[in-house]
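**Q** when you get a sec, could you give me coordinates for this:
(chains A and B)
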There are 2 protein chains.
Amino acid sequence: MEKNLSTFFLRNIEGDISFLSENDSRHAIKVLRHKNGDQLYIIDGLGIDAIAEILDAHPKKTKIKILKKKNKNKPIQLALAFCPTKSNDRNSFIFEKATEIGVTDFYPIVSQNSERRKWNSEKFKNIMVATLKQSKQFWMPKIYDVQDFNAFVKLEKLPNLKFIAHCKEDQKTSLKSLANNVVPQLILIGPEGDFTSEEITESKIHDFQSVNLGENRLRTETACIVSVTMMKF
Amino acid sequence: MEKNLSTFFLRNIEGDISFLSENDSRHAIKVLRHKNGDQLYIIDGLGIDAIAEILDAHPKKTKIKILKKKNKNKPIQLALAFCPTKSNDRNSFIFEKATEIGVTDFYPIVSQNSERRKWNSEKFKNIMVATLKQSKQFWMPKIYDVQDFNAFVKLEKLPNLKFIAHCKEDQKTSLKSLANNVVPQLILIGPEGDFTSEEITESKIHDFQSVNLGENRLRTETACIVSVTMMKF
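**A** Prediction:
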């Protein structure tokens, strides 16, 4: 990617000719004042990094032609499993910041002390599209369906390197010393009321390693961001 | 600190007998329903870690007696200099999250591309008190007066290990490889519009090292949190 072109998100890029959505067309033509012949970046969240030219600067259905197209490698898996908080501001924050940093998979979890048991991921997808464009990334993270703690820790498709962060007394290792960004990794962050002892025991049966995130007691959303930062870098 | 006592912030703890502020008294007595004889944690933001007993559960002026008092060591300096954003939500976020993680000094800076040139730190101090109590820390971070970039980079009292993060082409080293949490450190994060080339040159004259924070382009507030996480751990 070079600099200074606007970026648009478009699913299903097939062939050379595509159309921006109604929202994106309005934004491109009415807000950014693009004209025929102007160039745009196009990403599809599935690895495409393309440059397109505007053929018809229509404010509802802008027609574009793909000029160049590259496929970016999929990043190594960095999965965040967390118990959504009561506040959707804080949940939005988790999705936005974790996506910026490079989380590839989100697992919303309901645990015994969860503050929020009903969950709908849809509203967070727009945040993720905006964040992808802003942070110059090419792969849209996947949000899995919400599931119970006990079902989640048993899943077989999870990365081999699995961490659980909690505040209970336990044999813990610092996440920093265990994190390894050249292999798939997953961190599981508890609710404000923490995981229960039974949950921690259950996670260990399924090869989760107990980790600590330093001495300060972090809020759920901060623990999410701090842990994925340590794992990413 | 043990668990499960409520924490109160009190400046000027002298002698054994003190009084909670009007707000804190109401909170302790009306909300938390504390009675005479109940115990509380008291911190003063200057290293005191104390346990007190309520002598008079007055809803406006609760009288307490300090039972035990320890002095906690001051943490190693971890300074964050940043250009406040237009949005005070995002500025609040920076103060809250950086305090949780363990930043000790905040320097609000006005640079050439700053979005915000008028600044008042007062409103962020309440956030910091709440965060200190929540994250179980004992030292209140210092917020310096806002100052211009050029005056700031010349300051002699800054840590020797000084980093500047920006998006311009430059010889950069990864922050992770330069960070060293056993000595005082400082990171300088630019505004959305980035530092100018002149500013970057000026910072180097004063021994700032150019660093990168990975491949993804991070928003100002995310860059603040990611960088201090890398430096703290």
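
**Q** let me see the domain layout of chain A.
**A** A:7-71, A:78-232 (automatic domain parsing).

**Q** wait, does the shortest one contact chain B?
**A** Read that as domain A:7-71. No. Domain A:7-71 stays clear of chain B (C-beta under 8 Å from any C-beta of the partner chain), getting no nearer than 10.8 Å. Just so you know, the C-beta spots here come from the backbone N, C-alpha and C atoms, and that holds for glycine as well.

**Q** low-confidence regions, chain A specifically.
**A** A:1-3 (pLDDT under 70).

**Q** 50 instead?
**A** Within chain A, the stretches with pLDDT under 50 are A:1-2.

**Q** which residues of chain A lie near chain B?
**A** Checking chain A against chain B by C-beta under 8 Å from any C-beta, the hits are A:93, A:97, A:100-102, A:134-137, A:174, A:176, A:214-219, A:222, A:225-226, A:229-230, A:232-233.

**Q** now intersect those residues with the helices, please.
**A** Mapping those onto helices (DSSP state H) picks out A:93, A:97, A:100-101, A:134-135, A:176, A:222, A:225-226, A:229-230, A:232.

**Q** re earlier: let's have the domains of chain A in TSV, adding mean neighbour count.
**A** Below are the domains of chain A laid out as TSV (neighbours: other C-beta atoms under 10 Å in any protein chain shown):
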stretch	mean neighbour count
domain A:7-71	16
domain A:78-232	18
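
**Q** right, so of those domains, which gets closest to B:K69?
**A** domain A:78-232 (20.1 Å; C-beta to C-beta).

**Q** how far does that closest one sit from its chain's centre?
**A** 11 Å (C-alpha atoms, centre = their mean, to the nearest Å).

**Q** end to end on that domain, go ahead and measure it.
**A** Its start and end residues considered, domain A:78-232 measures 7 Å (C-alpha to C-alpha, to the nearest Å).

**Q** was I right to think A:H206 contacts A:A151?
**A** No. Using C-beta atoms under 8 Å, A:H206 is not in contact with A:A151; the gap is 11.0 Å.

**Q** how far away is A:Q209 from A:G102?
**A** 21 Å (C-beta to C-beta, to the nearest Å).

**Q** nearest residue to A:R116 in space, ignoring adjacent ones along the chain?
**A** Closest residue to A:R116 apart from its sequence neighbours, by C-beta to C-beta, 6 or more residues apart in numbering or on different chains: A:P84 at 4.6 Å.

**Q** that neighbour against A:N91, yeah?
**A** Yes. With contacts counted by C-beta under 8 Å, A:P84 reaches A:N91, the gap being 5.0 Å.

**Q** host element of the closest residue to A:E22 other than its chain neighbours?
**A** When the adjacent residues along the chain are set aside, A:E22 lies closest to A:K60, with 5.3 Å between them (C-beta to C-beta, 6+ apart). When elements are assigned from DSSP states H and E, A:K60 belongs to no helix and no strand.

**Q** does A:K60 touch A:S25 like I think?
**A** Yes. Here A:K60 reaches A:S25: they are 5.3 Å apart, a contact under C-beta under 8 Å.

**Q** what's stretch A:223-233 in contact with?
**A** A:78, A:80, A:82, A:94, A:97-98, A:101-103, A:163, A:165, A:175-176, A:179, A:181, A:185, A:187, A:189, A:211, A:213-214, A:218, B:97, B:101, B:174, B:176, B:214, B:225-226, B:229-230, B:233 (C-beta atoms under 8 Å, 6 or more residues apart in numbering or on different chains).

**Q** helices or strands up against the strand or helix carrying A:E202?
**A** Secondary structure from DSSP H and E places A:E202 in helix A:197-205. Applying 3 or more C-beta pairs under 8 Å, 6 or more residues apart in numbering or on different chains; DSSP states H and E, one finds that helix A:197-205 makes contact with helix A:149-154, strand A:161-165.
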